[in-house]
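Participant: Dropping a prediction and its sequence here:
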There are 2 protein chains.
Amino acid sequence: MEPVVLGIVVEFNPYHLGHQYFISQAKALINPNVMIAITSTSFSMRGEIAIVDKFTKTEQMLAEGIDIVLELPCAKSVQSADFFAYHAIKTLSQMQITDLAFGVENEDIALLYQLLTIIQTPDFQKHLQIALKTYTSYKRAYTQAFEKSGTSSELIALFNQPNVTLALQYLKAIQDLKLDVKIHPLKRMGSHYHDTAITHRFASAGAIRRALRSGKDISEYVPESTLKLSFVDQALAEERLFSLLQYAMLVKNPNYGEFFGLSEGIENYLRQHLRNATSYSDFLERIKNKRYSISKCQRIFFYLLWELPKKFDQFHPYLRILGFTVRGEKYLNTLPKETKGEILTSLKHSKNPIGLIELKATQLYEILTQKQGLTQKEFLIPLKRKD
Amino acid sequence: MEPVVLGIVVEFNPYHLGHQYFISQAKALINPNVMIAITSTSFSMRGEIAIVDKFTKTEQMLAEGIDIVLELPCAKSVQSADFFAYHAIKTLSQMQITDLAFGVENEDIALLYQLLTIIQTPDFQKHLQIALKTYTSYKRAYTQAFEKSGTSSELIALFNQPNVTLALQYLKAIQDLKLDVKIHPLKRMGSHYHDTAITHRFASAGAIRRALRSGKDISEYVPESTLKLSFVDQALAEERLFSLLQYAMLVKNPNYGEFFGLSEGIENYLRQHLRNATSYSDFLERIKNKRYSISKCQRIFFYLLWELPKKFDQFHPYLRILGFTVRGEKYLNTLPKETKGEILTSLKHSKNPIGLIELKATQLYEILTQKQGLTQKEFLIPLKRKD
């Protein structure tokens, strides 16, 4: 019998009880022979500074029962949900996963496919194009398009759940890549299900970051392994980011048209507000609720600092393993020679454009967090866990 | 009778009792009709962040009895002593000064000229070239060359006084520019003359900056007008500078050969130490006492951040007035039409390369000090003092 190879996509920013529950739930239901996670690294999909460095996070993931940790490099992860999901699924598929699990508010897979089907109809797409011209928020434009194309209010409500967008993108990626993978949407335990004592402990990663920021105790919401970590001082790191952005956008004043993600005058919009902002949080406050989403802006900040060229190819192949356990290593040995050959074993002397950006991103993360020696650690990857 | 137009070169980082004494001494001895000062702006000759912004400093200088404040822009002032002095004297000469006063440890002008003459002999220059190959410090190389060319130990001791190098450079600039200017070396009151209570109050600007840094009271060493100023938080500004340098040298990793002042592998030397440094002061500590002087390194940091091209022409004409009093304005009106035409009245739309760097430098200073609105003030220059 073929082994069950389960893939999951994570950020773990930071790893909390909800994530731990998700992993144990997936193991109990799917009973995989190998569990492979792909994770974003120094910066999140939304363009935030990761609260734990990727090397420490990898060690923790291996200790928490994941057999292989794949890298979703910054150039592929600091992207909108559709690209993030596509790159994650594509990379997992190279590891020949047989199953995919993800957390979502409603685990009824038929309903998710129903939504995906509606979105892909020409009728819906026509309404969406019109709505996007009226509404500045994607959520509102989608809602309007759903209404115009006669979608039921239950389905619209489902679409508006926080994790459904990403779930749909996973389904779409599997469809686009024509993958033969079993799909397991697992009901997410979140802080909005606070009717029982136990679920109340499932705080979101964002809530935990906010708690850490204000110096609150988080021991109720995270496992032991997370409590031991040394977290990034978010406020300090963001102030350093603020100085770098001011430098890059106001002193250097380059030809923005040359950079990835910069178009439609967004550069002028950002510079205008940056001039008057007094801190990073004040800057975000000023650009919020206007024409562009905060996530889009935050991603652009990093494209700018990495000096990602306009025609940067985010689809360039990149397969790199951050770490594995003994079981993970055994599985890796069973992969076809061809797949093994695609694995980037070292970034030293590598000219892979995605790898070069990853090195820059790690160096930038080191500067922002003042955690020394991270860039050198890039050359000690993959981490091997002996037990 | 022609008016006596006295020029002085200052940094005032910050303005202290020694400076005030120097001005009153110059006025008493020379009795000028107009007093013109040229000052460095956001960064000092040694590549340090000015402790008071240039606009505030200009206001203070006008209040303290200076009639016209000229700008020695960053591109001309963040330079070694010889270039700094040349640019300062050249610019003052455009204002048709008749007299020049400067502070020096020994006011015997004959001795200063004696030193200058020795330095300019082919014999001394030959010894200096040899000595520069052996000694990494300019001071030690000069001392060796003086000894080899038979200079008296008294003259060598004089040369080694802190302000003599700059004094010699002023004399040399006047010589090179063939100026008809009366020279007034004034004996400097410094903290090394601490035999009386009054001279003890003449602390150096460096000592005052160190005192401010450690939160000590400086009221004994500065006039009222300085006490009222809001000083830059030096430690914070330097930490921001540190992050920007890390970004510019480790993330961006440009072709250093293209930048001004970068040669002989100094870029590798700096990057090597920057990688391991934990703070700006730690960085300076690491690069100190090695092959390059701290001042040279600090200047290079700014060339890098301004992205000053290799072939940047620091000799490009630049004449800009930061401020004047009623008396200063009257004098300006007496200048020939041609000279008036050379004065840059606005940096708006100006393509003067020195002016473009000055705008960048002000923007950088604003970022480092988080003093808002300075860049906008560039367009409100010159300041006019009504009384």
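Facilitator: Structure received. Numbering: from 1, shown residues only, chains lettered A, B, ... in the order given.

Participant: interface residues of the stretch 201-350 of chain A facing chain B?
Facilitator: Residues of the stretch 201-350 of chain A lying close to chain B (Cβ under 8 Å from any Cβ of the partner chain) are A:240, A:243-244, A:246-247, A:250-252, A:275-276, A:278, A:305-307. C-beta here means a position set from N, CA and C on the backbone, and glycine is covered the same way.

Participant: can the top helix by length along chain A be found next to chain B?
Facilitator: Looking across chain A with DSSP state H, the single longest helix is helix A:353-369. Yes - Helix A:353-369 reaches chain B (Cβ under 8 Å from any Cβ) through A:360, A:363-364, A:367-368.

Participant: What's the local residue count around the residue lying closest to residue A:347 once chain neighbours are set aside?
Facilitator: Nearest residue to residue A:347, sequence neighbours excluded (Cβ to Cβ, 6 or more residues apart in numbering or on different chains): residue A:355, at 4.8 Å. For residue A:355, the count of nearby residues is 21 (other Cβ atoms under 10 Å in any protein chain shown).

Participant: and what of residue A:382?
Facilitator: Here the number of neighbours of residue A:382 (other Cβ under 10 Å) works out to 22.

Participant: now it, nearest residue through space, not along the chain?
Facilitator: Among residues not flanking residue A:382 along the chain, residue A:321 sits closest, at 4.5 Å (Cβ to Cβ, 6+ apart).

Participant: now do residue A:106
Facilitator: Closest to residue A:106 by Cβ to Cβ, 6+ apart is residue A:158, at 5.6 Å.

Participant: ok so, going back, wait, doesn't the residue nearest to residue A:347 sit right on residue A:73?
Facilitator: Yes - at 7.2 Å, residue A:355 counts as touching residue A:73 under the criterion of Cβ atoms under 8 Å.

Participant: what is in contact with the two at once?
Facilitator: A:318, A:320 (Cβ atoms under 8 Å, 6 or more residues apart in numbering or on different chains).

Participant: Report the mean confidence score over stretch A:184-203.
Facilitator: Across stretch A:184-203, pLDDT averages out at 67.

Participant: Could you tell me the end-to-end distance of it?
Facilitator: Using Cα to Cα, to the nearest Å, one end of stretch A:184-203 lies 22 Å from the other.

Participant: Need the per-residue pLDDT for the spatially most central residue of chain A.
Facilitator: Nearest residue to the geometric centre of chain A (Cα atoms, centre = their mean): residue A:45, 3.8 Å. The model reports residue A:45 with a pLDDT of 96.

Participant: what helix or strand is the nearest residue to it once chain neighbours are set aside on?
Facilitator: Excluding the flanking residues, the one nearest residue A:45 by Cβ to Cβ, 6+ apart is residue A:84, at 4.7 Å. Element membership for residue A:84 (DSSP states H and E) is helix A:81-94.

Participant: Report the contact partners of the residue of the stretch 251-387 of chain A found nearest chain B.
Facilitator: In the stretch 251-387 of chain A, the residue that lies nearest chain B is residue A:367 (4.5 Å; Cβ to the nearest Cβ). Residues near residue A:367 by Cβ under 8 Å, 6+ apart: A:240, A:244, B:243, B:246-247, B:250-251.

Participant: how near is it to residue B:242?
Facilitator: 9 Å (Cβ to Cβ, to the nearest Å).

Participant: can you check residue A:236 too?
Facilitator: Counting by Cβ to Cβ - residue A:236 and residue B:242 are separated by 13 Å.
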